[in-house]
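here you go, sequence then predicted model.
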Amino acid sequence: MSLRYNLEITEKGFYKFTTELGVEYVAFFTEYSIQDSHGNNHKVFSFGFERSGQYISSKFSNKYDDRIKSTIVFIVREFFKQHGNEALIYFCFQEDEYARHRSIAFSKWHREELSGEIEHHRKHGIYNNEEIYMGILMLKVNPLRELILEAIDAYIDEIMTNK
């Protein structure tokens, strides 16, 4: 794995880094609770990162930067050090027509760097008449694995039907 970018933690607890080209990224987690079919509540986190402090809907034109991958992988590993029994969900929206590409990149990053300790479940569906890609990351040794996956599946199904 190549070197990662230097990270700064913002006062909101977000990770911030700047690439060699001067592009600033912010990576963040949003916590919420979902319920499984047995009535148990599970804390899950949604993971996102944005370029230049905003969601940019224009076509992405910068070339691939391996240090961004290394930085995001580091952040994911840090997340699981602190939240080992929780799941991490990410969404790839179609605003810039690259949702599928981002989903493939996340899968590749998982396969290359995280597959030893973290499992990855890819999903996709239709939301607001647009195809959306998403994934779930979870430690393979999570004792609540099955219950959390069931709850997340129900949550995602609800999102897709309640557009």
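Sure thing, it's come through. None of the values given here were measured: they were computed from a predicted structure. Numbering: from 1, shown residues only.

give the buried residues for stretch 123-134.
Taking 16 or more other CB atoms under 10 Å as the basis for neighbour counts, the residues of stretch 123-134 that come out buried are Lys123, His124, Tyr127, Ile132, Tyr133, Met134. Placement of C-beta: from N, CA and C, glycine included.

on contacts alone, who are the packing partners of the stretch of helix or strand Gly48 belongs to?
With secondary structure defined by DSSP states H and E, Gly48 is part of strand 41-51. If you count contacts as 3 or more CB pairs under 8 Å, 6 or more residues apart in numbering; DSSP states H and E, strand 41-51 packs onto strand 24-35, helix 66-82, strand 87-92, helix 145-161.

what's the third one packed up against?
Judged by 3+ CB pairs under 8 Å, 6+ apart, the packing partners of strand 87-92 are strand 41-51, helix 66-82, helix 99-109, strand 130-139, helix 145-161.

tell me which other helices or strands the second one touches.
This points to helix 66-82. Applying 3+ CB pairs under 8 Å, 6+ apart, one finds that helix 66-82 makes contact with strand 24-35, strand 41-51, strand 87-92, helix 99-109, strand 130-139.

mind giving me JSON lines with the ones you listed and columns for distance to Ile152 and mean pLDDT?
JSON lines is the format used below for those (distance: least, CB to CB, whole Å; pLDDT from 0 to 100):
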{"stretch": "strand 24-35", "distance to Ile152": "7", "mean pLDDT": "94"}
{"stretch": "strand 41-51", "distance to Ile152": "7", "mean pLDDT": "92"}
{"stretch": "strand 87-92", "distance to Ile152": "6", "mean pLDDT": "93"}
{"stretch": "helix 99-109", "distance to Ile152": "16", "mean pLDDT": "90"}
{"stretch": "strand 130-139", "distance to Ile152": "6", "mean pLDDT": "92"}
